[in-house]
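Student: got a sequence here, can you build the structure:
(one chain, ligands or ions: 1)
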Amino acid sequence: MEKQYFIIDFDSTFIQVEALEELAEILLKKAPQKEEILQQIKNITNLAMEGKMSFSDSLAQRIHLLKARRADLNLLVKRLKRKVSVSVNRNKNFFRKYAAQIYIVSGGFKEFILPIVQQFGLLEKNVFANSFTFDENDAIIGFDNTNILARKDGKVELIKSLQLDGDIFVIGDGYTDYQLKEAGLANKFYAFTENIEREIVLKKADHVTPSLDEFLYVNRLPMAISYPKNRIHVLLLENIHPYAIELFESEGYKIEKCSRSICEEELAKKIQDFSVLGIRSKTRITPKVLAHANRLMTIGAFCIGTDQIELSASRKKGVAVFNAPYSNTRSVVEMTLCEIIALLRNLFDKSTKLHQGVWDKTANGTVEVRGKKLGIIGYGNIGSQLSVLAEFLGMEVYYYDIMEKLALGNAKKCSTLQSLLKKVDVVSVHVDGSPANRNLISDKEFRQMKDGAIFLNASRGFVVDITALSNYLKNGKLKGAAIDVFPEEPAGIGDPFISELQNLPNVILTPHIGGSTEEAQRNIAEFVARKIIDYINTGGTSFSVNFPNLQLPELFRAHRLIHIHHNIPGMLAQINGVLARHKINIVGQFLKTNEDIGYVITDISREYPQAVIQDLKKIPNTIKFRILY
Ligand code: NAI
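Tutor: Numbers count the residues shown, from 1 in each chain. As a prediction, the model looks like this:
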């Protein structure tokens with residue numbers, strides 16, 4: 001194999017910024033015309049980068065605008081040390097190992113470049129850049145214009161003069177970097193876009209490298225992470241909240257988004273390119289979609305329910321599904337509390353009447369919530385939080401749950417549904433959507449309630465028999481009701497809605513909005529996105545709705561092998577057999593299984609032969625395997 005040489009640009013490539021612009025920031029901190037001068041400097045830099053101004057002119061003009069001194073350079077170096085590009089910092093090992101083959105070639109200045117790159121073990125003799133000239137008072141007055149890099153086509157001339165014998169790869173963000181390829185001096189030009197993207201440079205590149213990881217990956221060079229993040233393609237459907245997009249982008253994933261859901265046929269075609277899929281409640285994930293999802297690692301349901309996803313089929317395909325079970329709990333609770341007060345005070349009817357010009361000022365039949373008895377059916381996330389906040393308002397709380405639940409605050413547990421219904425003034429239903437809960441509250445249950453009771457349901461529509469409810473509202477047994485969920489709900493905004501509950505006094509009807517607030521949407525976006533990122537980065541599956549839940553320690557000085565397989569006896573023994581054969585030291589191992597898959601995480605010490613990976617993948621009944629470091 002030919003020897004490889006790596007020519008790396010400094011400004012906006014090795015470091016995140018343009019050093020002379022940083023110097024200007026330091027010098028002009030308090031200057032009144034700061035913004036104006038900074039803009040001028042930026043414009044000059046860009047003109048030169050895009051090949052529209054001669055490089056030496058741009059240098060001279062910038063130095064003249066700056067009026068810097070030698071001491072300012074120390075401050076600059078200090079500042080630049082904190083601004084090394086993220087993926088450069090991450091891959092220190094590559095620089096140390098390949099130092100003899102790495103050349104820093106820059107139109108910037110050695111005075112600040114050397115102290116930065118030497119920290120990475122790079123050699124002074126391989127750093128080519130301009131140098132400043134100073135007057136007797138240490139003011140910077142210009143630059144050494146005998147330096148080859150101060151001239152037009154300086155980089156080209158310099159590389160020619162080096163006569164490197166081997167394959168030459170150039171990594172940079174500017175036009176002058178591309179010119180090395182154009183002049184036939186480099187085998188490939190990689191446009192580095194971690195910090196800045198210049199259209200004109202992107203067009204010329206052999207390969208766009210959004211981070212150094214991507215460059216190292218395509219050239220099979222040692223990397224600090226197992227897989228470049230830009231190769232993780234994410235498909236986000238149904239208008240997922242921008243905060244999730246922000247989080248995925250900051251990880252470096254490549255994102256494609258769509259405001260609507262897409263049908264099975266279209267999704268089956270599209271899904272093959274993606275590692276991550278984000279949906280809300282409308283996109284159906286069927287076995288047909290999964291059959292094509294060969295790269296898919298995880299699905300994020302950016303909502304509460306997961307009925308739209310075939311969870312077991314996803315699991316068997318090795319695809320972990322995450323949702324946001326708690327993210328809108330608070331929103332439902334706040335709405336419920338608001339409705340309890342509104343119903344006890346008959347606010348909606350009063351307001352409607354007043355809109356119609358009727359001044360119905362009377363205290364009759366309106367009461368405070370303080371001291372009233374609230375009965376919560378289903379003491380889960382929502383029910384228990386409602387319990388706490390209702391007590392703050394002075395309500396006496398009773399609850400009934402089919403599971404053993406810890407009473408919060410002063411809430412009292414009822415051993416039967418009937419005993420709760422008989423006791424309380426307000427009944428609020430917060431059970432889950434299990435099929436057994438169909439018509440949980442029907443004629444019999446309404447009959448058992450106190451006369452004048454208030455009834456609320458913000459759980460699932462099918463839990464309540466609507467005809468029975470409307471009968472007990474019409475005959476005056478119930479004083480009022482607030483219903484947010486219905487056995488049949490319209491599919492979209494503006495679709496018709498018909499219910500027996502319409503036009504009854506003191507009945508609040510809302511279109512399934514209990515959990516719909518801006519905060520909840522953002523919370524959902526954050527919760528699900530972070531779970532997905534954690535799964536990709538560490539293999540952690542806590543809160544997954546279809547995978548065995550494993551919360552994993554952070555990976556430290558080790559590699560992590562993640563093995564997903566069909567749950568049949570002897571799999572762990574086979575994995576460990578492979579590791580033993582290759583004499584690999586296991587640092588930690590975690591295993592969890594469920595009815596059809598096994599999830600094994602093995603942390604191993606850092607050196608391992610490639611053959612181990614092949615052997616682990618070859619174990620029969622392996623569904624998916626990946627390695628993290
Ligand atoms: P959860 O699963 O944490 O709590 C449900 C509780 O109900 C559990 O403790 C369970 O043991 C209990 N339960 C189930 N069947 C029961 C029965 N027959 N009798 C007594 N207790 C029973 O669920 P979470 O997060 O509190 O949600 C509650 C309901 O609210 C769910 O149906 C959910 O779909 C719905 N929801 C509605 C929203 C809206 O916009 N209106 C938004 C978010 C959730």
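Student: please count neighbours and contacts with C-alpha atoms only from this point.
Tutor: OK.
Student: helix, strand or coil for the residue lying farthest from the centre of the chain?
Tutor: In the chain, the residue that sits farthest from the middle, by Cα atoms, centre = their mean, is E136; the gap is 54.6 Å. At E136 the chain is in coil, as set by DSSP: H, G, I helix; E, B strand; the rest coil.
Student: what does G598 give?
Tutor: Secondary structure, three-state DSSP: G598 is strand.
Student: now do the contacts for it.
Tutor: 548, 564-567, 591-592 (Cα atoms under 8 Å, 6 or more residues apart in numbering).
Student: among the residues you listed, which ones are buried?
Tutor: Among the contacts of G598, those buried by neighbour count (16 or more other Cα atoms under 10 Å) are 548, 564-567.
Student: pick the one among those residues closest to the ligand.
Tutor: The ligand has its nearest neighbour among the buried ones among the contacts of G598 in P548, at 18.3 Å by Cα to the nearest ligand atom.
Student: ok, now which ones touch the closest one?
Tutor: 541, 592-594, 598-599.
Student: next one: D57 from the ligand, what distance?
Tutor: Computed with Cα to the nearest ligand atom, to the nearest Å, the distance linking D57 and the ligand is 63 Å.
Student: give me the local confidence score for the residue farthest from the centre of the chain.
Tutor: E136 carries a pLDDT value of 94.
Student: try I601
Tutor: 94.
Student: so it: helix, strand or coil?
Tutor: Applying three-state DSSP: I601 is strand.
Student: also L550?
Tutor: coil.
Student: I'd say it and G540 touch.
Tutor: Yes. In this structure L550 lies within contact range of G540 using Cα atoms under 8 Å: 5.7 Å.
Student: neighbour count: those two, which is higher?
Tutor: G540 (21 against 18; other Cα atoms under 10 Å).
Student: OK, contacts around the more buried one?
Tutor: By Cα under 8 Å, 6+ apart, the residues touching G540 are 534, 549-552.
Student: give the contact list for P609.
Tutor: H582.
Student: my guess is N437 contacts D465, does it?
Tutor: No. Between N437 and D465 there is no contact under Cα under 8 Å: 11.0 Å.
Student: higher neighbour count, the two?
Tutor: The neighbour comparison of N437 against D465 (other Cα under 10 Å) goes to D465, with 18 against 14.
Student: got the contact list for the more buried one?
Tutor: Counting by Cα under 8 Å, 6+ apart, D465 touches 439-443.
Student: out of those residues, which is most surrounded?
Tutor: Per-residue neighbour counts (other Cα under 10 Å) across the contacts of D465 peak at I441, which has 19 neighbours.
Student: how does the chain divide up, domain by domain?
Tutor: 4-218, 232-322, 329-516, 553-627 (automatic domain parsing).
Student: nearest approach to V528 belongs to which of the ones you listed?
Tutor: domain 232-322 (6.0 Å; Cα to Cα).
Student: gap between the closest one and the chain center?
Tutor: Chain-centre distance of domain 232-322: 13 Å, with Cα atoms, centre = their mean, to the nearest Å.
Student: how far does that domain stretch from one end to the other?
Tutor: Taking Cα to Cα, to the nearest Å, domain 232-322 runs 17 Å from one end to the other.
Student: also stretch 85-94?
Tutor: End-to-end span of stretch 85-94 (Cα to Cα): 14 Å.
Student: can you name the residues in contact with that stretch?
Tutor: The set of residues external to stretch 85-94 that reach it, using Cα under 8 Å, 6+ apart, is 12-16, 120, 194-195, 211-213, 221-224.
Student: try 10 Å
Tutor: Residues outside stretch 85-94 that contact it (Cα atoms under 10 Å, 6 or more residues apart in numbering): 10-17, 82-84, 95, 99, 102, 119-121, 194-195, 210-214, 216, 221-225, 228.
Student: out of the residues you listed, which are buried?
Tutor: Neighbour-count burial (16+ other Cα under 10 Å) applied to the contacts of stretch 85-94 gives 10-17, 83-84, 95, 99, 102, 120-121, 194-195, 210-214, 216, 222-225, 228.
Student: who in the protein is up against the ligand?
Tutor: By Cα under 6 Å from any ligand atom, the residues of the chain that approach the ligand are 325, 328, 332, 377-383, 400-403, 430-433, 437, 458-460, 484, 512-515.
Student: tell me the contacts of the one residue in the stretch 151-300 of the chain that gets nearest to the ligand?
Tutor: With Cα to the nearest ligand atom as the measure, S281 is the residue of the stretch 151-300 of the chain nearest to the ligand, at 12.1 Å. Shown in contact with S281 (Cα under 10 Å, 6+ apart): 238, 261, 301-309.
Student: neighbour-wise, which one of those leads?
Tutor: Of all the contacts of S281, the most densely surrounded is F302 (31 neighbours; neighbours counted as other Cα under 10 Å).
Student: next, work out how far apart the residue nearest to that one when sequence neighbours are not counted and F322 are.
Tutor: Nearest non-adjacent residue to F302, counting by Cα to Cα, 6 or more residues apart in numbering: R280, 5.0 Å away. For R280, the distance to F322 (Cα to Cα) stands at 11 Å.
Student: tell me which of these two has more neighbours.
Tutor: Set R280 next to F322 and count neighbours by other Cα under 10 Å: F322 wins out with 29 against 22.
Student: what is the neighbour count of N93?
Tutor: As a burial measure, N93 scores 16 neighbours (other Cα under 10 Å).
Student: you'd agree it is in a strand?
Tutor: No. With three-state DSSP as the criterion, N93 is helix rather than part of a strand.
Student: any idea which of the contacts of P548 is least confident?
Tutor: Comparing those by pLDDT, N594 comes last, at 91.
Student: surely N46 meets R198?
Tutor: Yes. N46 lies in contact with R198 (Cα atoms under 10 Å); the separation is 9.1 Å.
Student: any shared contact partners between these two?
Tutor: What both N46 and R198 touch, as defined by Cα under 10 Å, 6+ apart, is the set 174-175.
Student: give me the common contacts of R280 and F322.
Tutor: Joint contacts of R280 and F322 (Cα under 10 Å, 6+ apart) are 300-304, 306.
Student: from these, which two are the most distant?
Tutor: G300 and I304 (10.6 Å).
Student: joint contacts of the two?
Tutor: Counting by Cα under 10 Å, 6+ apart, the common neighbours of G300 and I304 are 280, 322-324.
Student: of those residues, closest to I26?
Tutor: Looking across the shared contacts of G300 and I304 and measuring by Cα to Cα, the closest to I26 is A324, at 45.3 Å.
Student: thinking again about what came up before, taking the contacts of stretch 85-94 one by one, which sit in helices?
Tutor: Using DSSP state H, the subset of these located in helices is 95, 212-214, 216.
Student: save those residues as a markdown table, and put in pLDDT too.
Tutor: Formatted as a markdown table, these follow (pLDDT from 0 to 100):
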| residue | pLDDT |
| --- | --- |
| F95 | 97 |
| L212 | 97 |
| D213 | 95 |
| E214 | 95 |
| L216 | 96 |
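Student: may I ask which two of these are separated the most?
Tutor: Farthest-apart pair in the ones in helices among the contacts of stretch 85-94 is F95 and E214; separation 15.1 Å (Cα to Cα).
Student: and the helices in the stretch 401-550 of the chain?
Tutor: Secondary structure of the stretch 401-550 of the chain by DSSP state H, counting those that start in this stretch: the helices cover 417-423, 443-448, 466-474, 518-538.
Student: should've said the stretch 101-250 of the chain
Tutor: Under DSSP H, counting those that start in this stretch, the stretch 101-250 of the chain gives helices at 110-117, 154-162, 175-182, 199-204, 212-218, 242-251.
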